[in-house]
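K.L.:
next comes the sequence, and after it the predicted model I'd like to discuss.
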Amino acid sequence: MNRLVPYLVAAGVVQWVIAAANIFIPGKLRYGENIARLTPIVREVFIVHAVYIVGVLVGFGALSVWFAPELASGAGLGRFLSVFLAVFWVPRVLVQLFYYDRDVKRANPAGHVLFTTLFVYLAVVYTLAALGVVR
Amino acid sequence: MNDILDLMLWLAGIGHFVVLIASFQVPFRLRWREELHRLSSLNRKLMWVHGGFAVLTIAAFGTLTLWLHNEMLQGDRAARGLAAFIATYWTARIAVDFLYYEHADWPKGWQFIVGHALLIGLFIALATTYWMVVL
């Protein structure tokens, strides 16, 4: 078995954890009060995007847990999927570090460090799988 | 049957990029720049990030479908897993359109009615194609 397989299964679980953590985001970021200022259609799009991101994370988690050997194989569909997941998570690390407000991250240091660590883990594991360098 | 699915998969791959052409018009048509200024800075950035990652996901679905056409057509295990994910994504999108979006809130005009009908048709075609791969 490829040595990366258990790390890919863990990556799947990590994505489920991130998806579950999203349950607390609307309260923490005061979605309700914020989106009340938008026109109805933009408000609906905001909510759909937020829910869809959670659905996508659950789906990525499932693919990673159930198809870890394929993702680690360094060939065919599995490799291409690993490339996509790396392309998804590497920019997410950059967004967390350089795009989101510094003040918010300073006000929530534990959350910031935890999420950044999880995003880095996902970016590294999928990049290694995409490169096919671990056997 | 396989010939039909063969063609449907090529069209589905291209169809994702057609969805993206429509998606790129959303911020302009719904006046996001003006609308999102009513949100707090972090919520505004979140909306852009969610939108960006939705675009990335759809682009990846299209690319994966075109690139891995034969694997999808042969219906091996990982290909069917991925197809199930994409099928669920588009089925949920159809459900959102019929059950959640308030059509009275959409911008007015015949071009929106025609565009919306075409998009819904495309979502249904995408969902059908990937469910056929799964089954």
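P.N.:
Sure, I can see it.

K.L.:
list the buried residues in the one helix or strand B:Leu73 maps to.
P.N.:
Using DSSP states H and E, the element containing B:Leu73 is helix B:69-74. Within helix B:69-74, the residues scored as buried using 16 or more other CB atoms under 10 Å in any protein chain shown are B:His69, B:Glu71, B:Met72, B:Leu73. (Glycine included, C-beta is placed from N, CA and C.)

K.L.:
same check, this time on stretch B:17-36
P.N.:
B:Val19, B:Pro27, B:Arg29, B:Leu30, B:Trp32, B:Glu35, B:Leu36.

K.L.:
phi, psi for the nearest residue to the third one once chain neighbours are set aside please.
P.N.:
In space, and not counting its chain neighbours, B:Arg29 is closest to B:Pro107: 6.2 Å by CB to CB, 6 or more residues apart in numbering or on different chains. Backbone dihedrals for B:Pro107, given as degrees, to the nearest 10, come out at phi -60, psi 150.

K.L.:
what packs against the top helix by length along chain A?
P.N.:
Using DSSP state H, we find that the single longest helix of chain A is helix A:40-66. Judged by 3 or more CB pairs under 8 Å, 6 or more residues apart in numbering or on different chains; DSSP states H and E, helix A:40-66 is in contact with helix A:5-21, helix A:31-35, helix A:76-94, helix B:41-67, helix B:77-99.

K.L.:
count the residues that sit near B:Asn2.
P.N.:
Close neighbours of B:Asn2, defined as other CB atoms under 10 Å in any protein chain shown, add up to 9.

K.L.:
actually B:Trp67, not the one I wrote
P.N.:
Neighbour count of B:Trp67, defined by other CB under 10 Å: 14.

K.L.:
hang on, isn't the residue nearest to B:Arg29 packed against B:Leu30?
P.N.:
Yes: counting by CB atoms under 8 Å, B:Leu30 is a contact partner of B:Pro107 at 7.2 Å.

K.L.:
which neighbours do the two share?
P.N.:
A:Ile41 (CB atoms under 8 Å, 6 or more residues apart in numbering or on different chains).
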